[in-house]
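S.K.: Provided below are the primary sequence and the corresponding predicted coordinates.
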Amino acid sequence: MSISSLLLLIFFAVLLWPLFRWQRSRESLSPAVFAGLLLGVAYGGLVQVARDWGAVPAEVLEWIDVLGDGYINLLHLLVMPLVLVSILGAVVKVSNTRSLGKISVSVLAVLLGTTAVAALVGVLVAHLFGLSAAGLVEGAREATRADVLNQQLGQVSDLSIAQILISFVPQNIFADLAGSRDTSVIAVVVFAVLLGLAALGVRREHPKEGEQIEQFVHVAQVWVMKLVRLVMLLTPYGVMALVAKLVAGSSWADILNLFSFVVASFVAIGLMFVVHGLLLLINGISPLHYFARVWPVLVFAFSSRSSAATIPLNVETQIDELGNAPAIANFSASFGATIGQNGCAGIYPAMLAVMVAVPMGINVFDPVWLATMVAVVVIGSFGIAGVGGGATFAALVVLPALGLPVTIVALLISVEPLIDMARTAVNVNGAMTAGTLTQRWLGDEVPGPETAEG
């Protein structure tokens, strides 16, 4: 390792100390997360400049990844235990199981409805910016990416809607708890609901044993939530490392080359945040109040590019900051990680469809084509993986279903990480919006939020 790289790493370690002091002096985690974001941007820019001083960014980022990727790994570790005990606890505590069905229907309606709107927004923005696949040049990286996509396309084309729905049903719960499938989160939700319903049956037939089960689930919830809060304390440092890596590793030449697509994507994503805000406003919820409480979650989603990894922070914020019931928070966060993702499953494939369809002479505003595209997007949004790359899977589902080539996905590889972060943020916000609206609609029927101690 060069001396310059070593000095940069030492400087990064030194920056952690004031961030730690800043976090300890604040009751809320939000200021520390924002401070970590700013430090990450500044440090990433410094790594870019340090190339001229003999520093090797790859050497520096390798060690920064220990903090950033290590934090994400811890969050992935929390996902399955949190989903299992939280959903199980929500079912065990309900007195009327019909409320669970209402929660599920409400959350899914918002997720899928906003995904349909996101697809229309993607079409409109792509048209307004005049985006087209014509003229995009395929380089070496793009050609390699195209070969990988062709292999993935063969796997995706074998999946039918019925097979996707079947994948939600757990076959080996231990494999799903290990996250072996893209739909493992939903499978764990299904298992937790069934296990909870069985517990309710035991409580009716054997009250004493039922009380013991309920007490065991309560202890498990308290235990897991304490673990969640311990890991959440690392959020400012994880955000700092992830943002530093993003800024240091960005290729501004590639971004400028596809500047129109990058700007159009961010405009479409921004419009979906406006749509979420309008839905909240229409239902009597202040968007300013809402976004002031959820922005740390959005910052982490942006940094990590993982809806699944954001589930613990998503659930905790919905319960503690938004006042959503634990059952609603857990259902919306879990479903939102793999179903109806507004950015990855809605905006992105719709924009690509327009970019490919226009050069082929297709009228993208033809009502039949538009309705078909929206329907395919909504149906294809089931089972989208809640990690980086989920948008690619969505595009591989939507484009062939519309009779369009998938080559364009490979041509946009150079700007994918940047746009994917913003898409992940809007995905997570869609899940939190679904939970908040469901709380407003069903609040009287669902038990209110409880602290980990209670």
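M.R.: Right, received. Where do you want to start?
S.K.: Buried residues in the strand or helix carrying Val217, which are they?
M.R.: Assigned by DSSP states H and E, Val217 falls within helix 207-232. Along helix 207-232, these residues count as buried under the neighbour rule (16 or more other Cβ atoms under 10 Å): 210, 213-214, 217-218, 220-222, 224-225, 227-228, 231-232. All C-beta spots, glycine's among them, are computed from the backbone N, C-alpha and C.
S.K.: got it, and stretch 116-136?
M.R.: Those would be 116-126, 129, 131-133, 136, for stretch 116-136 by 16+ other Cβ under 10 Å.
S.K.: which among those residues gets closest to Ala308?
M.R.: Of all the buried residues of stretch 116-136, Ala308 sits closest to Ala118, with 19.4 Å by Cβ to Cβ.
S.K.: Tell me how far the closest one lies from Ile173.
M.R.: To Ile173, Ala118 is 32 Å away according to Cβ to Cβ, to the nearest Å.
S.K.: Output the below-cut-off pLDDT ranges for this structure.
M.R.: Scanning the chain for pLDDT under 70 picks out the ranges 1, 27-28, 94-97, 134-161, 164, 182, 250-257, 383-390, 409-415, 444-454.
S.K.: Closest to the mean position in it, which residue would that be?
M.R.: Closest to where the C-alpha atoms of the chain average out (Cα atoms, centre = their mean) is Ser307, at 2.1 Å.
S.K.: Which of the helices or strands spans that residue?
M.R.: Short version, using DSSP H and E: Ser307 is in no helix or strand.
S.K.: now it: how far from Ile87?
M.R.: From Ser307 across to Ile87, the span is 17 Å (Cβ to Cβ).
S.K.: same deal with Leu227?
M.R.: With distances taken as Cβ to Cβ, Leu227 is found 17 Å from Ile87.
S.K.: same thing with Ala431?
M.R.: Ala431 sits 15 Å away from Ile87, taking Cβ to Cβ as the criterion.
S.K.: more neighbours, those two?
M.R.: Taking other Cβ atoms under 10 Å, Ala431 and Ile87 do not tie; Ala431 has more neighbours (34 against 24).
S.K.: Check the contact between the more buried one and Ala333; I expect there is one.
M.R.: Yes. Counting by Cβ atoms under 8 Å, Ala333 is a contact partner of Ala431 at 5.6 Å.
S.K.: For these two, list the residues in contact with both.
M.R.: Common neighbours of Ala431 and Ala333 (criterion: Cβ atoms under 8 Å, 6 or more residues apart in numbering): Asn314.
S.K.: separation between Asp176 and Asn314?
M.R.: Using Cβ to Cβ, Asp176 is found at 20 Å from Asn314.
S.K.: which of these two has more neighbours?
M.R.: More crowded of Asp176 and Asn314, by other Cβ under 10 Å: Asn314, with 29 against 22.
S.K.: That one: what's it in contact with?
M.R.: By Cβ under 8 Å, 6+ apart, Asn314 lies in contact with 297, 329, 333, 336, 428, 431-432.
S.K.: Return the subset of these lying in helices.
M.R.: Those of those mapping onto helices are 297, 329, 333, 336, 428, 431-432, per DSSP state H.
S.K.: Could you identify the most distant pair in those?
M.R.: Largest pairwise distance in those, by Cβ to Cβ, is 12.7 Å, between Ala329 and Val428.
S.K.: Mark which of the buried residues of stretch 116-136 are part of helices, please.
M.R.: 116-126.
S.K.: Which one of those residues is nearest to Gly380?
M.R.: Taking these together and measuring to Gly380 by Cβ to Cβ, the closest member is Ala119, at 10.0 Å.
S.K.: what's near enough to touch that closest one?
M.R.: 346-347, 349-350, 373-374, 377-378.
S.K.: Who wins on neighbours among those?
M.R.: Gly346 (37 neighbours).
S.K.: what's the distance between it and Ala162?
M.R.: Separation of Gly346 from Ala162 (Cβ to Cβ): 22 Å.
S.K.: what about the helices in the stretch 51-200 of the chain?
M.R.: Remark: helices assigned in the stretch 51-200 of the chain by DSSP state H, counting those that start in this stretch are 57-93, 98-128, 140-157, 161-166, 173-177, 184-205.
S.K.: quick one, phi/psi of Leu234?
M.R.: Taking degrees, to the nearest 10, you get phi -90, psi 0 for the backbone angles of Leu234.
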